[in-house]
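Enquirer: Give me coordinates for this.
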Amino acid sequence: MNIPQLKASFRPLDEILYQGYAPNVISTAMELGLFDALAEEPMDAPTLSVRLGTIENLTEAFANILVTLKLLEKNGADYSLTPLSADFLVKSSPAYQGATIAMFSH
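Expert: A predicted model of the protein is given here:
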């Protein structure tokens, strides 16, 4: 069995999932491809908005919620993934938890 080397524990994500609104926020971000886009490179809200095909000010507000949840980091104007989101919320990660998030959001 090939066990992935992770940088983060799943426990903080598990705790976030029990917050009322968080599973829907995370699920929406995954559906938009937000975590996958930021896995490629950090970017500011206008660039992220163009990449996702979303409205810029709503994208920025949404990204700021993810910063509050500690799933994104903000350095200046750029958003980037935390180790937690890189390990568990990027589709190409061997520890991707999309099915778990979907279960919590429904």
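
Enquirer: low pLDDT regions in this structure?
Expert: 1, 19, 105-106 (pLDDT under 70).

Enquirer: Sketch out the strands for it, chain order is fine.
Expert: Remark: strands assigned in the chain by DSSP state E are 43-44, 72-75, 78-81.

Enquirer: mind listing what's buried in the last one?
Expert: Meaning strand 78-81. 78-79, 81 (16 or more other CB atoms under 10 Å). From N, CA and C alone the C-beta is placed, and that goes for glycine too.

Enquirer: Can you tell me what sits against stretch 68-84?
Expert: For stretch 68-84, contacts defined as CB atoms under 8 Å, 6 or more residues apart in numbering pick out 7-8, 12-13, 16, 19, 22, 25-26, 29, 35, 38-39, 42-45, 48, 63-64, 66-67, 85, 89-90.

Enquirer: quick revisit: relative to Gly53, which of the buried residues of strand 78-81 is nearest.
Expert: Nearest to Gly53 among these: Tyr79, at 16.6 Å, using CB to CB.

Enquirer: For that closest one, give the beta-bridge partners.
Expert: Taking DSSP bridges as the rule, Tyr79 bridges to Met43, Lys74.

Enquirer: Dihedrals phi and psi, Val90?
Expert: Main-chain torsions, Val90, degrees, to the nearest 10: phi -100, psi 130.
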